[in-house]
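> Provided below for reference: sequence and predicted model.
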Amino acid sequence: MQPKLIAFHLPQFHPIPENDAWWGKGFTEWTNVARATPHFPGHHQPQLPTDLGFYDLRLPEARAAQAELAREYGIHGFCYYHYWFNGKRLLERPVEEILASGEPDFPFCLCWANENWTRRWDGAEQEILIGQNYNDDDDREHIQYLIEAFRDPRYIRVDGKPLILIYRARHLPDPKRTTTIWRNEARKAGIGEIFICRVENFFNERDDPHVLGFDASVDFQPDWMAINDDNPSVVLPDEHFVVDYRDMVESQLDRPDVPHLRFPGVTPSWDNSARRKKNAFIIADSAPEAYEHWLTETLRSVSDRPESQQLVFINAWNEWAEGNHLEPDQKFGRGYLEATRRALETAAAPRTLKSPPLVDPLSHNGFVPREAYARRQSAQRLSKAAGLLHDQRLSGCAPPHIRIVLDATNCSDAQLQDSLNSVAAQLYEHWQLEVLSQRAAPNIASSRLGWHTIEPQQAAAATLQLVESSGDDWHLVFAGGELLAEDALLFASQALIDAPEASLLLTDGDTRDADGRPVRTWLAPGVNPDWLRSTLRIGGLVIASTGIIRNALQDIGDSPTNALPLAAVLRAFEDADGHHMLHLPRIALSRPDSVAPIPLGFRAELLQAHLGRQGHAAGIEHGMLDDSCRIRYEHAQEPPAVAIVITGIGDRGMLLRSVEGILSHPATPPLSILLPLAPDCTADTRECLQQLAALGSQGIRIIEVAAGSPTAVANQLAAATEADVLLFLGNGLIPLDADWLDALVRHALRPSIGAAGGRVIAPDGSLQHGMIRLGQMGVAATPFQDVSVGYTGNGGELQLEQNCTAVSTQCLMIRRKTFHDAGGFAADRYPARHAEVDLCLRLAERGLRTVWTPYSTVVAPAPRPAPSFGPPVRDDEALLDDWLERVPTDPYFNRQLTRHFNRPRLQTDVALAQDALPWHPVPRIYAHPADLAGCGEIRVSTPLRALNRASLIQGGGGTRFLGPWELATVAPDTVVTQRIFSDLGLTWLAAYRKYGRSLLIYELDDLITRIPRENEHGKGFPADIEARIGKAIGLCDRLVVSTAALADAYGRFANETVVAPNLLDDAIWGGLQPTRKQGARLRVGWAGSTSHGGDLALMHDVVRSLSDEVDWVFLGFCPDALRPFVREFHPSVAVKNYPAALAGLGLDIAIAPLAANAFNEAKSNLKLLEYGALGYPVVCSNVLPYQGKLPVVRVANTTQQWVAALRRLLADADERQSLGDSLRTEVRANWMIDARRAEWLSAWTR
């Protein structure tokens, strides 16, 4: 049975009196659609209809055309939005006429859109046009109305029950009561049971729907919660937020399953900028092909369900003003409908292989990836202050002098000029430039510039001559049109200073199009000989010693010099197997994307010569990727005897599967299969082993072993064989093809290789085990688990042989002597988990590399889900204790990629992506703000920025906790945490304490154990919050708080307590001036969040009493009770826009009411500082936080005192001016952070 597609349908496309009154005569959704404009290059706006035109849903023929088109492309039915406000219905005409007429004959159901109607389209969510008022009587009246629709034979049912959706279940005062009333009334009416779903999208609509009385949930796309800081995004003017459609699709497909019944959803796109002038959410670069991929995978995900539960919802059929519609438009025509039909057909066919992901994080195709990458690169630019620290270091040593050769014999004048400019812009000055060009030398006198007029075919020889005549130790050759990053030579020189034994340095790079936009990034996985011999591409900068560059030039002969970087790197691998080569993980070189690659044949010739010089007999073949190679290493000795060691054979079926699978592929080397007979094995296993022994095959050996862990058993089996080579293989795995063993043996016999591993895949072609990366998903794991091995993203990582830190014991080959010399598996320390990582790290200490090959494939019986990122567990302790300090970073991992995703992405955390000051001249601080607004901004982000600006620290941070190896990559002296109390947070904090070496700080800005009931932010805190806070503080070295009251409250939990005051950021508040506004009345106002409901309750009578005398102005929050008296209300804004928004209020007087309670008494004077920075005169409550020397008017919290103080100021312009000026002077002199940075530096460092 084919799954059924239900598309949400908006019945808005016809005029109604209410919309005429609210938005203008004749308003419909088409009004917004037609006036939309594009906001960035390639933005698909306006989105205009074609086939169905600007229809009017009052017309039966319009509704019939929609149904006919939907049916043609496989849509099962529509889910019409239903608007009910205490008996008043809006936009009801289309559905009521469908019910009355019986036309069109097309299945449908209803979704109660139970939100208040507001001016959200204008960005004014709190201005209610028509509101909801829930009660039992209305619930009964409402269901009686719906019952008439349920009786319709076209109405969609689940298990025979009419399907009804509620859009915002949590808006109901008692959802379970409402659903109970509905069910009872439906039974009374003879309908029987009804199937009620709640829409799952908003943050508070994600728990088990059964608890609220619902049968299931409907996944409403796009799921905003699945889009986070790790998804590339762009914020446009007017706060329009843009993400990439393909990236969003992959985020949705990667979401874990939920334990309750949820009908999945998809969307062809989303873009509500046609409706919203500000704060629109735009999903850019949607395309039918990507939508088809998403829908196909989603349809497959429900194919195993009972027939009635095979529903998939599409948002939407016709949400034109939100940019999500299947109906044909001028750009794509029927593209999305055709994609829908293809997805249904594909999903119905027998499934073979899992589809690879759509997104390649190293490809910047589309507006958002390009813009996000440019922003990322800008964030990594060296600050002026950090540059001074670099200069100080270089002045105290002998900096390397770099001879640069620019081969401009095959580039345009503009490209030559661009390359010259990039050299001239270098932040490092110890270089000499030699230009090779067909052009005559320009009339430029410079001791640092040499010009050589030659023909293109003379470039290599001329370069060799320059190298041999140069007295410089380091050489860089690059081509016209290529650009050096401004800090390329600076960071390269610092790396060379730190590694005097180095012979070559390789960086990362990228390519750009003719307009200078980024196209693709090239990242090297460390110094990785096997990877580079497979890809034979160099995308970064190469700086090489004289000996290396001279030999490389001789290797390329008279070929173009663009082959020189590859030739030089291959030469560097011949020097101590590449151990004298450096990799600098920075984008130091940008190339034109239009430049054709060096022919693979010539690159293969360089590789063959390189292998020959190393004494390797090898054949070179085309690799899995079109432009890659595979090396088949040849060995002079006879094929070695291989013993396959299988442990963990508790399952009889899996054991027979493995043995039969291995024997079905005749092996060239002598082969034996070692199976353990342990005293604690089951009778079934023992019988199976006896049957295998009775076969009399010399290749099957049953070996009695002592009871023990899997690694202990593996050691016993390895000791029982004289085979030359051991292959540890997981139980239940079978070879995919005949070449599987040979592909491993060819690597295992190489003298420089300690261990070799193959890939373990599931029957659907997804990767299960393979290379292992330190820090992946927390501690150590295989990247790309559960991803199709056909995925070619991330530089084709899954199709290239490469070195890695370890390979999985599910398929690990090692020479027997090497295994025993290394001591085998450390079974006592690693009874099961991470034994292979420990072994491979010990091999690395002996100078042996580990290699992973995709050419040896074994198949697991079934897929398994990828692990989630999380804190260390008990099984991780041995690995972290033994190796975290000895190997603080994975040598084959590029820090510009993430490790907390199963499929690595470009790293956006600057501190993790780069080390701007690698010699550690100032303290390193990594901070975890609890949020990016409020306390997180003022207590963490503000001091971090200020200290970074002055280069007093090297600071970074993020809201996500870091795994131990991620933290070791940053190597912070201090870790600042804030307001941690959840179970997960405490677990992470304990891991930081155990495995970190940093000063660990706990930061608090509120008395969160005494939050008043009327404070919105107090909801959801656990009952044992005080014990949790105490535990968290106790795990840290120091408590840092904003006030003495907080120190008194929580200091008893701390080893040390420091009070660091809240201060304003000079860079944000220093030059800000208020916008003065002229009016008949003076402007009195307040700014704050919903947490201040209790404080504003004090002001009800004050605001009412003065409403005829002043214009009240509120920003961020305004209680409903005050709204009738408020002249202006401005919704909350992003934290970065708050200072300007506050200045834009143009207040004549600002108020700061604060109720007298323990929570408020522990607060700081931050509100007064914000008002004061703008010169607003302030009237405030006379409570502890607001007492002191700041020149403000303090009053008792009585209406009489508040009104009297305000009237006095209103009547005296001079006093207002004097108070405002005095307060601003005091704040800017004593309460700005730049002048008091030392206090924060002391608070955060030892």
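Now that the structure is in, tell me what you want to look at. Because the structure is a prediction, the values reported are computed rather than measured.

> Which residue ranges of the stretch 751-900 of the chain form strands?
753-761, 767-769, 771-774, 780-781, 802-804, 806-807, 811-815, 849-859 (DSSP state E, counting those that start in this stretch).

> Check the ones you listed for me and report the most buried one.
strand 806-807 (a mean of 29; mean count of other C-beta atoms under 10 Å). Every C-beta, even on glycine, is put in place using the N, C-alpha and C of the backbone.

> mind listing what it pairs with, with the direction of each?
According to DSSP bridges, the neighbouring strands of strand 806-807, each with its direction, are strand 771-774 (antiparallel).

> quick one: average pLDDT of the strand it pairs with?
Computed over strand 771-774, the mean pLDDT rounds to 98.

> and what of stretch 1080-1095?
Per-region confidence: stretch 1080-1095 scores 94 on mean pLDDT.

> before we move on, back to that, out of the strands of the stretch 751-900 of the chain, the one nearest residue 987 is which?
Proximity to residue 987, assessed across the strands of the stretch 751-900 of the chain by C-beta to C-beta, is greatest for strand 780-781 (18.1 Å).

> so what strands line up beside the closest one?
If you go by DSSP bridges, strand 780-781 pairs up with strand 771-774 (antiparallel).

> got the strands of the stretch 751-900 of the chain as CSV, with distance to residue 494 columns?
As requested, the strands of the stretch 751-900 of the chain are exported to CSV (distance: least, C-beta to C-beta, whole Å):
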stretch, distance to residue 494
strand 753-761, 32
strand 767-769, 37
strand 771-774, 24
strand 780-781, 30
strand 802-804, 25
strand 806-807, 30
strand 811-815, 38
strand 849-859, 27
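
> Out of these, the one nearest residue 697 is which?
For the strands of the stretch 751-900 of the chain, proximity to residue 697 was assessed by C-beta to C-beta; strand 849-859 is nearest, at 20.4 Å.

> Dead centre of the chain: give me the residue that sits there.
Most central in the chain under C-alpha atoms, centre = their mean is residue 230, positioned 1.9 Å from the mean C-alpha point.

> Let me know the distance separating that one from residue 247.
In this view, residue 230 and residue 247 are 10 Å apart by C-beta to C-beta, to the nearest Å.

> quick one on the thing from earlier: need the pLDDT of the residue nearest to the centre of the chain.
The pLDDT attached to residue 230 in the predicted structure is 76.

> Wasn't it part of a strand?
No. With DSSP: H, G, I helix; E, B strand; the rest coil as the criterion, residue 230 is located in coil rather than a strand.

> Could you verify my assumption that it touches residue 906?
No. Counting by C-beta atoms under 8 Å, residue 230 stays clear of residue 906, with 9.3 Å between them.

> overlap in contacts of those two?
Common neighbours of residue 230 and residue 906 are listed as residue 898 (criterion: C-beta atoms under 8 Å, 6 or more residues apart in numbering).

> Please work out the average pLDDT along stretch 31-50.
Regarding stretch 31-50, the rounded mean pLDDT is 96.

> Going by neighbour count, list what's buried in that stretch.
Neighbour counts over stretch 31-50 (16 or more other C-beta atoms under 10 Å) mark 32, 33, 36, 39, 40, 43, 44, 45, 46, 47, 49 as buried.

> before we move on, what about stretch 103-110?
104, 106, 107, 108, 109, 110.

> which of the residues you listed lies closest to residue 498?
The shortest distance between residue 498 and any of these, using C-beta to C-beta, involves residue 109 and amounts to 66.6 Å.

> Kindly confirm my reading that that closest one is in a strand.
Yes. With three-state DSSP as the criterion, residue 109 is part of a strand.

> Ignoring the adjacent residues along the chain, who's closest to it?
Taking C-beta to C-beta, 6 or more residues apart in numbering, and ignoring the residues beside it in sequence, residue 109 has residue 156 as its nearest neighbour in space, at 4.1 Å.

> Check the gap between that neighbour and residue 341 for me.
Summarising the geometry, the distance separating residue 156 from residue 341, computed by C-beta to C-beta, is 20 Å.

> So between these two, which is more surrounded?
Neighbours per residue, other C-beta atoms under 10 Å: of residue 156 and residue 341, the larger number sits with residue 156, 20 against 15.

> which residue ranges form the helices in the stretch 401-550 of the chain?
Under the criterion DSSP state H, counting those that start in this stretch, helices of the stretch 401-550 of the chain are mapped to 413-424, 459-469, 488-498, 529-535, 546-556.

> Including mean pLDDT, could these go into TSV?
As requested, the helices of the stretch 401-550 of the chain are arranged in TSV below (pLDDT from 0 to 100):
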stretch	mean pLDDT
helix 413-424	97
helix 459-469	95
helix 488-498	97
helix 529-535	98
helix 546-556	97
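
> closest one to residue 189 among these?
Across the helices of the stretch 401-550 of the chain (criterion: C-beta to C-beta), the nearest stretch is helix 529-535, sitting at 69.1 Å.
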